[in-house]
Structure formats: C-alpha cells, structure tokens
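>>> Give me a model of this one.
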Amino acid sequence: MITLGSYLILSGIIFSIGLLGVMTSRSTLKILLSLELLLAASNLSFVAFSKFNGDYTGQLIVFFVILVAAAEVAIGLAIIVVMYRHLSTIQADELRTMKW
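Numbering: from 1, shown residues only. Prediction:
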C-alpha cells in the first residue's frame, strides 16, 4: 500500500535532483529544467497532502503553481533567446552581468 510517506520520499528525491541541477549546471536551459523539477516535487507534495487530508486545497494550489511554471518557462526561454542573440552563449558562468 502506498502511504503519505512514500509520496513525500519520492518528492524529496525529485526535489534533491532539481536542487543539485540548479546548483551545478552551467547551462541556463539545464537550470530552467531543474527549476521545473523543483516545482514538480512541490506539486507532488501538495497533491499527496490533499489526497490524504480529503480536501481539494492542495490541488488548487497545484493549479496555480502550474500557471506560474508556464509563465516562468515562457519568460525564461525568451530571455535565453535574447542572451544568445546578443552574446552568442547561454552558459550561466559566462554571464556575469546583465549589461549588453
């Protein structure tokens, strides 16, 4: 039987992978993907708590988190395209300042 602890352990593993990706990646695309993993882990926790508590509050929060994640991806990819056009690179360690 799957318990709340099983969901939280899986969520913790996914969150750890995402955090490791954010902290160690040099590519801005990998950083954006790792941020999506962080959001997915928090969504899993919200849905698990919502299921085991018997209310829909967690699922409502997940809906808004998905909306914010979609906006974050759209804006993040637009910034990456602009950075590549101006600097010909998307490596995060080469982008020290936001000056063009």
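
>>> Only C-alpha atoms from now on, for both contacts and neighbour counts.
Fine.

>>> What are the buried residues along stretch 53-64?
Gly58, Gln59, Val62 (16 or more other C-alpha atoms under 10 Å).

>>> so what's the last one up against?
Shown in contact with Val62 (C-alpha atoms under 8 Å, 6 or more residues apart in numbering): Asn43, Phe46, Val47.

>>> residues contacting the last one?
This means Val47. Gly58, Gln59, Val62 are the contacts of Val47 under C-alpha under 8 Å, 6+ apart.

>>> ok, 10 Å please
Residues near Val47 by C-alpha atoms under 10 Å, 6 or more residues apart in numbering: Tyr7, Asn53, Asp55, Tyr56, Thr57, Gly58, Gln59, Leu60, Ile61, Val62.

>>> and the residues you listed, which two are the farthest apart?
Using C-alpha to C-alpha, the contacts of Val47 span at most 18.3 Å, a distance reached by Tyr7 and Leu60.

>>> Relative to the whole chain's centre, how far out is stretch 5-22?
Stretch 5-22 sits 11 Å away from the centroid of its parent chain (C-alpha atoms, centre = their mean, to the nearest Å).

>>> neighbouring contacts of it?
If you take C-alpha under 10 Å, 6+ apart as the criterion, stretch 5-22 is touched by 27-28, 30-49.

>>> ok, of the residues you listed, which come out buried?
By 16+ other C-alpha under 10 Å, those give 27-28, 30-32, 34-49 as buried.

>>> Identify those among the residues you listed that sit within strands.
Using DSSP state E, the subset of these located in strands is empty.

>>> how near is Leu67 to Glu36?
Using C-alpha to C-alpha, to the nearest Å, Leu67 is found at 12 Å from Glu36.

>>> Just the ones in helices from the contacts of Val47, please.
Counted as lying in helices by DSSP state H, out of those, are Tyr7, Asn53, Thr57, Gly58, Gln59, Leu60, Ile61, Val62.

>>> could those go into JSON lines alongside pLDDT?
What follows is these, written out as JSON lines (pLDDT from 0 to 100):
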{"residue": "Tyr7", "pLDDT": "96"}
{"residue": "Asn53", "pLDDT": "92"}
{"residue": "Thr57", "pLDDT": "92"}
{"residue": "Gly58", "pLDDT": "91"}
{"residue": "Gln59", "pLDDT": "93"}
{"residue": "Leu60", "pLDDT": "93"}
{"residue": "Ile61", "pLDDT": "94"}
{"residue": "Val62", "pLDDT": "96"}
